[in-house]
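**Student:** this one's structure only:
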């Protein structure tokens, strides 16, 4: 008769299982959704802070670019780097019909009417060479047309052979 179920023990076991199953929601691991929600909210707040900081930096940079003092300095550095490359490129030109690399003006803008070839420089009149020298921040008031063209050629990196 030992093979007969003990219903009292079985009832106690079921009651124990039910009681323990009722405690499962109290487990911290099962509150994972709430933890993930909190992490997502924290990350979103940090992202908004980063966005705000980026927007503030962008506004500061825009203001700096518009500032007469610092903006000009920034453009000088950028145009200087660009112009150094152009001079190096132009120094390798030995044909009058070769394409020139144009320089940028003092505000880092392309110079309208910049000669496309060394031959076009020889065709420039006094007004054109004065405008180009002025756009580059070079003296243009003094000298003959030939002297001004020489000054321009040297400044843009052209050799005497071009």
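**Tutor:** Thanks, I have the structure now. Given the structure is predicted, the values throughout are model-derived calculations rather than measurements. Numbers count the residues shown, from 1 in each chain.

**Student:** distance-wise, check residue 46 relative to residue 33.
**Tutor:** 21 Å (C-beta to C-beta, to the nearest Å). C-betas here are computed from N, CA, C, even on glycine.

**Student:** for this protein, which helix is longest?
**Tutor:** helix 32-66 (DSSP state H).

**Student:** helices or strands up against it?
**Tutor:** In terms of contacts (3 or more C-beta pairs under 8 Å, 6 or more residues apart in numbering; DSSP states H and E), helix 32-66 is packed against helix 68-90.

**Student:** downstream of the helix it packs on, the next helix or strand is which one?
**Tutor:** Later in the chain than helix 68-90, the nearest helix or strand by DSSP states H and E is helix 118-122.

**Student:** could you pull out the buried residues of that following helix?
**Tutor:** Neighbour-count burial for helix 118-122, with 16 or more other C-beta atoms under 10 Å as criterion, is recorded at 118, 121.

**Student:** tell me the mean pLDDT for the longest helix of the chain?
**Tutor:** What helix 32-66 shows for mean pLDDT is 83.

**Student:** repeat that for stretch 116-136.
**Tutor:** 95.

**Student:** list the contacts of that stretch.
**Tutor:** Residues from elsewhere that reach stretch 116-136 (C-beta atoms under 8 Å, 6 or more residues apart in numbering): 93, 95-100, 102-103, 105-106, 111, 113-115, 139-140, 145, 148-149, 151-153, 155, 158, 162.
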